Structures are given as structure tokens and as C-alpha cells.
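Student: sequence and predicted structure below; questions after.
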Amino acid sequence: MRVSGPVLPDGEPRDLYVVDGRITLEPQPGAETVASGWVVPGLVDAHCHIGLDEQGEVDQETTEEQAVADRDAGALLLRDCGSPADTRWVQDRDDLPRLIRMGRHIARTRRYIRNYAHEVEPDELTTYVEQEARRGDGWVKLVGDWIERDAGDLKPSFPPEAFAAAIATAHALGAKVTAHCFGVEVLPMLIDAGIDCIEHGTGLTPDLIDAMVESRTALVPTAMQLNQFPKYADQAAEKFPAYAATMRDLHARRRDTIMAAYEAGVPIFAGTDAGGVLPHGEIAGEVRELAAYGIPAEDALGAASWRAREWLGWNATLDEGAPADLVVFDADPRQDLTVLASPARVILRGTVVA
Ligand SMILES: [Zn+2]
């Protein structure tokens, strides 16, 4: 089959041919043109949860629906940011997006959403990190901070030396580490210990941003999730007024915080945080939200395509021999990000899937 049109990121018009699931630029006689338009390397949702909903683990049928919703939206590479479900079977299905699994989140006892995480004490942390590093696909997910009931506010889940040992353990096993972080206090502990990525990152300050730039620590802001903070504040306000105030403050500053990181040069990637309270299939909404913060449209799209693919060890460009994972749009998404919500064609592993 043939796909033709301007191919992003460079935007040069080309004819791409698909043979055996891969791209070739070699013209193929008799190839059928299946799409023409703006061609984008398969989109990436760098933070979502497959096999998880508000209550915890979901069945295989629901898991499949989540993966299909992402795929049909053009998200063909998913970085699962923690799931109690064993979703390895998804990787055996050619019709479902490529999946990078993190295993199960690791949180402090009774300090995370029920049924989500392994809930452990500091002296057990490295044991669980070792287990999840072996079980996942090169990433481990920590819950960096959460409400601590006695303090009534966000607090780091573990002491700094426990975090440092956890990160060193994962690195020794060849796995990267990321952490859920809403507040400020946990961030220096993790960044100093060499964490590879921060999820949410609403507590970032100029000093911490400089440290992230220096260590090339990535940031996945999950901008759509940050819009939920006032709701979380309202739900908790009566019992935990300090926490509610913190969440409202982090929410009020979120654009400035994320844009300060972007402008300083922190590598930022798009993640929807689907699978907890938010729906799957919304990568277009996350790109638009990042652009609404002030990130130029082309960069916001790159954060959900070529730059994210490269970060996760996949092809950034649709060159000779690249996997034929691509999305075609009727108009140039760099000029109008609203077109991202309606892909004209989605091709995964060389097959038209949507
Ligand atoms: Zn998440």
C-alpha cells in the first residue's frame, strides 16, 4: 500500500510504501493508495494506565476497549504508568498499540488510591522495586507523594535515603524510574537521586527545573489531569483543608510551572493519564492542552509523536525500514491542532486499523 503527502516532522511531501509492516521509499508497482494527507509518526501516550479504572484492575474486555480507544485516536505507542493488571497479553496482539509496561505502582502503605499500588514501608521498597523492574518493560513507577493524614497535606511517600536506594536498585537492573509528584517537597529527593522522569510535576521550582535540565530528567505533565485538581481539593476540603489549599495553589500555578520547565529546556512529553479517572483515546486533547499553556503547536505535537518516540527508543521518523506505525490527517495539524481529534487513517504494524 501507499501513503502520500507531507511527512512530519520535516513536512516534505513523499510517497511512503508499506511492505511487511515496514516503510519503504522504493516505489511498489500496483500499490494501492490508502491515504493521502499529512502523515505523522504514530502518536504516543506517554502516561496512561491499561487495565485500570477508578476502582482498580479491570477485566480483559475492558482492557481491550481501552487499548482500542487509544489506537483509534492514533496513539500507537503507550507508556503504561502503572497497572495492577497483568497486561502482557496486549503485547501479543498485532491489532493493539505497542505497550511499554511499568508493572504495578509502588506506594507507601495507605497512601495512594485503593487497589492500585503495592503499598509498602520504606524497608520493603527496594525489594518491590526489584520485583517490578524485572516484571515491567524497563520502567518502575513510584508514588512520590500523596496526602499524609496526620500532616493533612501532601508529603513525600518515603524518606530520601529510601528513594535513593530504590532508584539505584532499578538502575542496577537496567530499569528507569519515574514518580507521581504533585507537591514540591519530594522533588529534590528524587531529582538528586537521579530519577529519569517526573509525572505531573506541579511542584517544580526554578532551582529544581535547572537540576532537571542538567540531568536531562523528563517531565510528563498530564495537563488534563492537572485540570482535575480543584475537584480533588473540593472533595478533601472538609477533612484536609491544608491539602485542599495546596492543591488549589498548585492548580493556579500549573501553566507557569510547566511553561517554566519547557522554556528552560526540560524534555516534555504528552500523557493523558487515562485509565484512572480519565477516559482513553484523548491524546489529541492533551496536545491541545499543552499548546494552550503556550507550547508551540509543532512542539506540542512532537511531544506526542516524534520526540516521544525517540525518547522511548522507537523511530522518530518514517524512514526506510521504520515500522509502519503512522497516522494521516486531512489537514496540517501544526496549523490547526483540532484536526488531531479526527485521524483520516491509522496504520499500525502496516495494517489499516482505523
Ligand atoms: Zn497516572
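Tutor: On my side now, so go ahead.
Student: which helix or strand contains residue 45?
Tutor: Assigned by DSSP states H and E, residue 45 belongs to strand 43-48.
Student: tell me if that strand is near the ion.
Tutor: No - counting by CB under 5 Å from the ion, the ion has no neighbours in strand 43-48; the shortest distance is 5.6 Å. C-beta: built from backbone N, CA, C; applies to glycine.
Student: quick one: mean pLDDT for that strand?
Tutor: What strand 43-48 shows for mean pLDDT is 98.
Student: residues from the chain in reach of the ion?
Tutor: Going by CB under 5 Å from the ion, the residues of the chain near the ion are 81, 273.
Student: 8 Å instead?
Tutor: Residues of the chain lying close to the ion (CB under 8 Å from the ion) are 47-49, 81-82, 180, 199, 222, 225, 271, 273, 275-276.
Student: show me the residues you listed that map onto strands.
Tutor: Counting by DSSP state E, those place 47-48, 180, 199 in strands.
Student: those residues, buried ones only, as a PyMOL selection?
Tutor: Listed next is the PyMOL selection for buried residues among those, using 16 or more other CB atoms under 10 Å:
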select buried, resi 47+48+180+199
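Student: show me the contacts for residue 27.
Tutor: Contacts for residue 27 (CB atoms under 8 Å, 6 or more residues apart in numbering) come out as 15, 17.
Student: three-state assignment of it?
Tutor: When classified by DSSP: H, G, I helix; E, B strand; the rest coil, residue 27 comes out as coil.
Student: run a quick neighbour tally on the residue in the stretch 1-150 of the chain positioned nearest to the ion.
Tutor: When scored by CB to the ion, the stretch 1-150 of the chain has residue 81 as its residue closest to the ion, at 4.7 Å. Neighbour count for residue 81, taken as other CB atoms under 10 Å: 29.
Student: excluding its backbone neighbours, what's nearest it?
Tutor: Counting by CB to CB, 6 or more residues apart in numbering, residue 81 lies nearest to residue 47, which is 4.6 Å off, once chain neighbours are set aside.
Student: tell me where the stretch 251-354 of the chain has strands.
Tutor: With DSSP state E, counting those that start in this stretch as the criterion, the stretch 251-354 of the chain has strands at 326-329, 345-348, 351-352.
Student: tabulate those strands in a markdown table, adding columns for mean neighbour count and distance to residue 287.
Tutor: Shown next, in a markdown table, are the strands of the stretch 251-354 of the chain (neighbours: other CB atoms under 10 Å; distance: least, CB to CB, whole Å):
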| stretch | mean neighbour count | distance to residue 287 |
| --- | --- | --- |
| strand 326-329 | 25 | 12 |
| strand 345-348 | 23 | 16 |
| strand 351-352 | 14 | 23 |
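Student: now render the ones you listed as JSON lines, adding mean pLDDT and distance to residue 128.
Tutor: Listed next are these as JSON lines, based on pLDDT from 0 to 100; distance: least, CB to CB, whole Å:
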{"stretch": "strand 326-329", "mean pLDDT": "98", "distance to residue 128": "37"}
{"stretch": "strand 345-348", "mean pLDDT": "98", "distance to residue 128": "33"}
{"stretch": "strand 351-352", "mean pLDDT": "98", "distance to residue 128": "38"}
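Student: reformat those as TSV; add distance to residue 241.
Tutor: What follows is the strands of the stretch 251-354 of the chain, written out as TSV (distance: least, CB to CB, whole Å):
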stretch	distance to residue 241
strand 326-329	45
strand 345-348	46
strand 351-352	54
